[in-house]
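Asker: Quick one: sequence plus predicted model below, questions after.
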Amino acid sequence: EFLSNHELRPFLRVTDCSQVSDGGAAAVFVSEQGLRKLGVGVGNAVEVIAADQGAGNLWEDPRCLTELDTTKTVVQRALSKVVELRHCSAVPPPMSDLDVVEVHDCFAIAEVLMCEAIGLAEPGQGIELFKSGATGLEGSIPVNTGGGLLAFGHPVGATGVKQVLEIYRQMKGRCGAYQLKARPKLGLAVNMGDRKS
């Protein structure tokens, strides 16, 4: 039945939905001093410039179901932290500075809406971004280079760490057949956990 790719709802088929799976993940975040204590060379690490989190109002319906307001707010806040930490101009780096992005694609439409929320496309124009090829491995802003949750599965508690791992692996040239030609220097991983993200 699964392989028949039946329609679950109008405009939503089985293959538009990530398959919830089991999994576990861990990441170690340390300072340069911590790397030395662990005996790990700086060449095996990447710098995390900024991180942020947020939660939407769980007691109210979203203003618009096609706009991920919480995601937009959190990403803007994180990019503002990049400005502070890098002591650069007062304007956050443009999305065009990103070399690779991982977004939460629990459903195919979620990937489109996430790209709009983080500023890769204007609201309502995310599908055009994908159709243009810009998000592909050879595009101007590769998104979900390992196939995202739709290809990998959705180990719910491990998903965010897996996204960060994909950015790390691309930056270190460890992605094999789907390695980007130019090694990314700046990546963004964006995860979400509920309908109000």
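Answerer: Sure thing, it's come through.

Asker: so where's this protein shaky on pLDDT?
Answerer: 1-3, 85-94, 194-197 (pLDDT under 70).

Asker: switch to 50 and redo it
Answerer: Within the chain, the stretches with pLDDT under 50 are 195-197.

Asker: What ranges does it have for its helices?
Answerer: For the chain, the helices defined by DSSP state H cover 32-38, 69-86, 108-117, 126-131, 148-152, 159-171.

Asker: What is the shortest one packed up against?
Answerer: Packed against helix 148-152 by the contact rule (3 or more Cβ pairs under 8 Å, 6 or more residues apart in numbering; DSSP states H and E) you find helix 108-117. (C-beta placed from N, C-alpha, C; glycine too.)

Asker: so what secondary structure elements neighbour the helix it packs on?
Answerer: Taking 3+ Cβ pairs under 8 Å, 6+ apart as contact, the helices and strands that helix 108-117 lies on are helix 69-86, strand 100-103, helix 126-131, helix 148-152.

Asker: can you redo the ones you listed as JSON lines with mean neighbour count and distance to residue 31?
Answerer: Shown next, in JSON lines, are the helices and strands packed on helix 108-117 (neighbours: other Cβ atoms under 10 Å; distance: least, Cβ to Cβ, whole Å):
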{"stretch": "helix 69-86", "mean neighbour count": "16", "distance to residue 31": "14"}
{"stretch": "strand 100-103", "mean neighbour count": "26", "distance to residue 31": "24"}
{"stretch": "helix 126-131", "mean neighbour count": "16", "distance to residue 31": "37"}
{"stretch": "helix 148-152", "mean neighbour count": "20", "distance to residue 31": "30"}
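
Asker: This completes my enquiry, with thanks.
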